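Asker: Sharing a model that was predicted from the sequence below.
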Number of protein chains: 2
Amino acid sequence: MTPGAIEYPLRMARWQPDARGRLQEAALALYDERGFENTTVAQIAEQAGLTKRTFFRYFADKREVLFWGAKALEELFVSEVVSAPSSATPLEAMVAALDAAAATFEDGREYAARRQHIIAANPELQERELIKLSLLARTVAQALRERGVEDSAATFTAEAGVTVFRVAFELWVRESNRRGLKALIHESLDELRAVTAV
Amino acid sequence: MTPGAIEYPLRMARWQPDARGRLQEAALALYDERGFENTTVAQIAEQAGLTKRTFFRYFADKREVLFWGAKALEELFVSEVVSAPSSATPLEAMVAALDAAAATFEDGREYAARRQHIIAANPELQERELIKLSLLARTVAQALRERGVEDSAATFTAEAGVTVFRVAFELWVRESNRRGLKALIHESLDELRAVTAV
């Protein structure tokens, strides 16, 4: 399962074995329709044709429906950073991780856009998203240090990488965008280089 | 009053008119001694020789004692970014803001170190600090856009600037450090440039 993404196509019939996907789809539809704060776990379960008990087998609470992919994303970044060739510069290791992350998201653009829309409507969710990205950067910095990258250089590389990812991701989910996430990441990287060079 | 800093010297006598400073000093002492989570507003007020009512005249809650300077820091960054010469590049405008911020902190190193120590001991406070820095970067990015800096370039410059500030600040509060915050900021900037160039 790709981080933050959803399995496609989503089939909503009762015999569909992907309970997680059904709960996620139901939650997103309800959050969008009546707002995150006005939706209950019972409503999500009902809409998905499942029980509350099943909901809690997959998610700790209704917020986690939107954030459960964060751990997988973090693990992907770390494993790519750690396994990059030893000749790679810190930024090259970071870019390898960004490329790998882009590949896992490529099919999940519609879901990502819906999720983004819901988060933008709720300050508590926005805070959670900020924390998620900050923690991601700190974890990646730690992975870079394990490659032997010096303390501050690791922080700068990881923070730059996560900001590039965030900016490219935000461009990617916009309705007007028709480019791939990977291409946007590389454009953003060039832009980052340009602003820090002068 | 400088952002996040405390007026020096701190006089603890009852006639001292700086109630905010006394409350802040009392809070820090108690947070350090018994932990943030085990300290109550009543205890802080008592230790400062003041009433709970006075406490709430200055701070919304016990957490705000550690974060009330964030607004002033944000305003300082924004005003410096906005008022930088029109010939300044985005990064130069950002650096002007970092230098101005460094100047306001220069006398508050001991307080900053104590504050950092308390925040490091409490996950909720760490989250609040992450959010504070993320919001600072977003506000500064907005100020850069008002200078005419393009959308993503503004984000990259602001995020880079806030990361530089954070890294330099963390080095500065370390006991072993004997350099000034401004010098550390410029060293960090050079390091950031070096990692993004390759």
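Answerer: Perfect, I can see it now.
Asker: my read: residue A:173 touches residue A:108, true?
Answerer: No: applying CB atoms under 8 Å as the test, residue A:173 and residue A:108 come out as separate, 9.8 Å apart. Yep, even glycine has a C-beta here, placed from its N, CA and C like the rest.
Asker: For residue A:191, which three-state class applies?
Answerer: State at residue A:191, reduced to three classes by DSSP: H, G, I helix; E, B strand; the rest coil: helix.
Asker: In contact with it: list those residues for me.
Answerer: B:152-153, B:156 (CB atoms under 8 Å, 6 or more residues apart in numbering or on different chains).
Asker: same thing but at 6 Å, please
Answerer: Each residue near residue A:191 by CB atoms under 6 Å, 6 or more residues apart in numbering or on different chains is listed here: B:152-153.
Asker: can you pull the pLDDT of it?
Answerer: Residue A:191 carries a pLDDT value of 93.
Asker: Which residues of chain A lie near chain B?
Answerer: Residues of chain A that fall close to chain B, judged by CB under 6 Å from any CB of the partner chain: A:89-91, A:127, A:130-131, A:134, A:152-153, A:155-157, A:159-160, A:163, A:167, A:191-193, A:195-196, A:198.
Asker: List buried residues within the residues you listed.
Answerer: Buried subset of these (neighbour count, 16 or more other CB atoms under 10 Å in any protein chain shown): A:90-91, A:127, A:130-131, A:134, A:152-153, A:155-157, A:159-160, A:163, A:167, A:191-193, A:195-196.
Asker: Tell me which of those fall in helices.
Answerer: A:90-91, A:127, A:130-131, A:134, A:152-153, A:155-157, A:159-160, A:163, A:167, A:191-193, A:195-196 (DSSP state H).
Asker: tally of neighbours for residue A:49?
Answerer: Residue A:49 has 15 neighbouring residues, counting by other CB atoms under 10 Å in any protein chain shown.
Asker: same question, residue A:34
Answerer: Residue A:34 has 12 neighbouring residues, counting by other CB under 10 Å.
Asker: quick one: it and residue B:159, what's the gap?
Answerer: With distances taken as CB to CB, to the nearest Å, residue A:34 is found 34 Å from residue B:159.
Asker: show me the contacts for residue A:100.
Answerer: A:76, A:80.
Asker: Please identify which helix or strand holds it.
Answerer: Using DSSP states H and E, the element containing residue A:100 is helix A:90-105.
Asker: Identify the residue spatially nearest to residue A:118, adjacent ones excluded.
Answerer: Nearest residue to residue A:118, sequence neighbours excluded (CB to CB, 6 or more residues apart in numbering or on different chains): residue A:31, at 4.6 Å.
Asker: Please read the previous query as pertaining to residue A:146.
Answerer: residue A:82 (6.3 Å).
Asker: Any figure for the gap between that neighbour and residue A:157?
Answerer: Residue A:82 sits 14 Å away from residue A:157, taking CB to CB as the criterion.
Asker: Residue ranges in chain A under the pLDDT threshold?
Answerer: When residues are selected by pLDDT under 70, those of chain A lie in A:1-17.
Asker: hmm, 50 instead?
Answerer: A:1-15 (pLDDT under 50).
Asker: ranges for the helices of it?
Answerer: For chain A, the helices defined by DSSP H occupy A:19-34, A:41-48, A:52-58, A:64-67, A:70-83, A:90-105, A:109-120, A:123-146, A:151-173, A:181-197.
Asker: Measure how the first one sits relative to helix A:123-146, angle-wise.
Answerer: For helix A:19-34 against helix A:123-146, the angle between stretch directions is 140 degrees (axes from the mean of the first three to the mean of the last three CA atoms, to 10 degrees).
Asker: Thanks a lot, see you next time.
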